[in-house]
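Engineer: sequence and computational prediction follow.
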Protein chains: 2
Amino acid sequence: MANRLTFYIFFLLCLCLGLLCVVFVTYWNAVWRGGFAWDGSSLQFNWHPVFMVTGLVVLYGFAAVLYRIPYTWRYDKTPWKLLHAGTLLLAFIFSILGLCAVFDFHNANNTPNLYSLHSWIGICTVALFALQWAAGFSAFLLPWTPVDIRKVTKPLHVWMGSIILVMSIISCISGINEKLFFVLKANVNGTRPYASLPPEAVFVNTFGVLIVAFGLVVLRILYNLKWQRPDPSSDVTSISHSPPHCGTG
Amino acid sequence: MANRLTFYIFFLLCLCLGLLCVVFVTYWNAVWRGGFAWDGSSLQFNWHPVFMVTGLVVLYGFAAVLYRIPYTWRYDKTPWKLLHAGTLLLAFIFSILGLCAVFDFHNANNTPNLYSLHSWIGICTVALFALQWAAGFSAFLLPWTPVDIRKVTKPLHVWMGSIILVMSIISCISGINEKLFFVLKANVNGTRPYASLPPEAVFVNTFGVLIVAFGLVVLRILYNLKWQRPDPSSDVTSISHSPPHCGTG
């Protein structure tokens, strides 16, 4: 009972942090960065962080912890699988829209694409996500996939899922940091420089910390074996095949 | 046997990636960034990435996977604990030197400290590392700490250890990305801008990818239960207290 209560505290924390991330990224771009458009201007760029954070971090994280909710354990797994895959598909569509926003903006302004380290890590993350979704669909949703294939695939699926989340957070933090250096410069429309920590800088730095906190809570939920969906018919863990056996430090 | 072989392949990959990271960060700063000094100039700043990557990523990662080496399992754990703690202490000293390098550079140039998102995440990482080292020392090296305390502390210790590694990689990537935007500007001493992907940009972006790859390999080694040091006297895993029980997808 205490275990379940602890889970729900973490789950609530996960939900709150995720929603806060969406509120922060939307408010930042709507209010401080001038709002949104789809016209090749910097207002189109503003969709990029909103779509990436909402899709590749928040929706992705929510989808990842779905199976850990004890409430879902009393029901057949199939609808939850569909919800997991559906939420991730939505997250993927958001990521593609986020990429379109920044590519269009770059192309309209004759800026090269994919030159920064942020963009290298980011594009690898989205590519891995696409592969992961297709592999997950083939392994776990196609009814004719043999159970043995699922057993072998599952630890890798969970592992790749975590890797993609970590990489998406790395991409987000490096991108937000870069954006703040770009826009918070002295003598640009009366803007105070980033180094003087104007209110926008404090707000967006806090937003970055929230993203990291959200990611860590999601990973904490994923890797606590006590919180995994019980399945007495199988001895396969989400992390490895063998039973745990380890010292006390 | 196949399991052990796979471990050693991953371990070798971990060693190679770690050493490559040290070579890349040193070469970048020694050759492209003009070398090293301790005089408040940008040459002093150059120590910052070298110390942080070598300490907070590479030495830290090596120390983390130490217990997973099957060769060490046949011996008493105490010397390996001392090596683990000693390597981490060295990693911590490197981190402090890295912080001194950047603080001195900022102070000498009247630049504020700790304003960027990179620095916020970075300073939290080093603070958590200090806490983690002190807590680990108290729990696992002081001989009078009760075994029960060790059992309770260990999953948290492993978890915090992974979190700190993830946070240090986030800090590194955001810092490297920021540095490249700072130094690769058009018309500054004939430098080609970052957006035109000059050789330095390709080299350092590749270095960033190597850091991420190193971190993911370390985490893969840490979280494969099959690769944990066996200890039949205990049922405590490094991740959680309960046995694994989970579905097949």
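Structural biologist: Thanks, I have it. Please read these numbers as outputs of a predicted model, since none were measured by experiment.

Engineer: show me where chain A dips below the pLDDT cut-off.
Structural biologist: Residues of chain A meeting the criterion pLDDT under 70: A:188, A:231-249.

Engineer: can you do 80?
Structural biologist: A:1, A:186-190, A:231-249 (pLDDT under 80).

Engineer: which residues of it fall in helices?
Structural biologist: Remark: helices assigned in chain A by DSSP state H are A:2-27, A:42-45, A:47-52, A:60-65, A:78-108, A:117-136, A:147-183, A:199-222.

Engineer: and the closest residue to residue A:32 other than its chain neighbours, what does it touch?
Structural biologist: Nearest residue to residue A:32, sequence neighbours excluded (Cβ to Cβ, 6 or more residues apart in numbering or on different chains): residue A:200, at 4.7 Å. C-beta: built from backbone N, CA, C; applies to glycine. By Cβ atoms under 8 Å, 6 or more residues apart in numbering or on different chains, the contact list for residue A:200 reads A:28, A:32, A:180, A:184.

Engineer: output the helices of chain A in JSON lines; the columns should cover distance to residue B:212.
Structural biologist: Below are the helices of chain A laid out as JSON lines (distance: least, Cβ to Cβ, whole Å):
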{"stretch": "helix A:2-27", "distance to residue B:212": "22"}
{"stretch": "helix A:42-45", "distance to residue B:212": "25"}
{"stretch": "helix A:47-52", "distance to residue B:212": "17"}
{"stretch": "helix A:60-65", "distance to residue B:212": "18"}
{"stretch": "helix A:78-108", "distance to residue B:212": "18"}
{"stretch": "helix A:117-136", "distance to residue B:212": "6"}
{"stretch": "helix A:147-183", "distance to residue B:212": "7"}
{"stretch": "helix A:199-222", "distance to residue B:212": "14"}
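
Engineer: which one, of the ones you listed, ends up nearest to residue B:10?
Structural biologist: helix A:147-183 (12.4 Å; Cβ to Cβ).

Engineer: picking that back up, quick one: which of the contacts of residue A:200 is nearest chain B?
Structural biologist: Lowest distance from chain B to the contacts of residue A:200 (Cβ to the nearest Cβ) belongs to residue A:180, with 6.6 Å.

Engineer: excluding its backbone neighbours, what's nearest that closest one?
Structural biologist: Leaving aside its sequence neighbours, residue A:180 sits nearest to residue A:194 (Cβ to Cβ, 6+ apart; 5.3 Å).

Engineer: tell me if I'm right that that neighbour and residue B:117 touch.
Structural biologist: No. Counting by Cβ atoms under 8 Å, residue A:194 stays clear of residue B:117, with 9.3 Å between them.

Engineer: more neighbours: which of those two?
Structural biologist: residue B:117 (29 against 23; other Cβ atoms under 10 Å in any protein chain shown).

Engineer: tell me who's in contact with the more buried one.
Structural biologist: By Cβ under 8 Å, 6+ apart, the neighbours of residue B:117 are A:173, A:176, A:177, A:180, A:204, A:205, A:208, A:209, B:174.

Engineer: select only the buried ones of these in PyMOL?
Structural biologist: A single PyMOL command selects the buried members of the contacts of residue B:117 (16 or more other Cβ atoms under 10 Å in any protein chain shown):
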select buried, (chain A and resi 173+176+177+180+204+205+208) or (chain B and resi 174)
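
Engineer: in a markdown table, list the contacts of residue B:117 along with distance to residue B:141.
Structural biologist: Below are the contacts of residue B:117 laid out as a markdown table (distance: Cβ to Cβ, whole Å):
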| residue | distance to residue B:141 |
| --- | --- |
| A:173 | 33 |
| A:176 | 39 |
| A:177 | 37 |
| A:180 | 41 |
| A:204 | 41 |
| A:205 | 36 |
| A:208 | 35 |
| A:209 | 32 |
| B:174 | 33 |
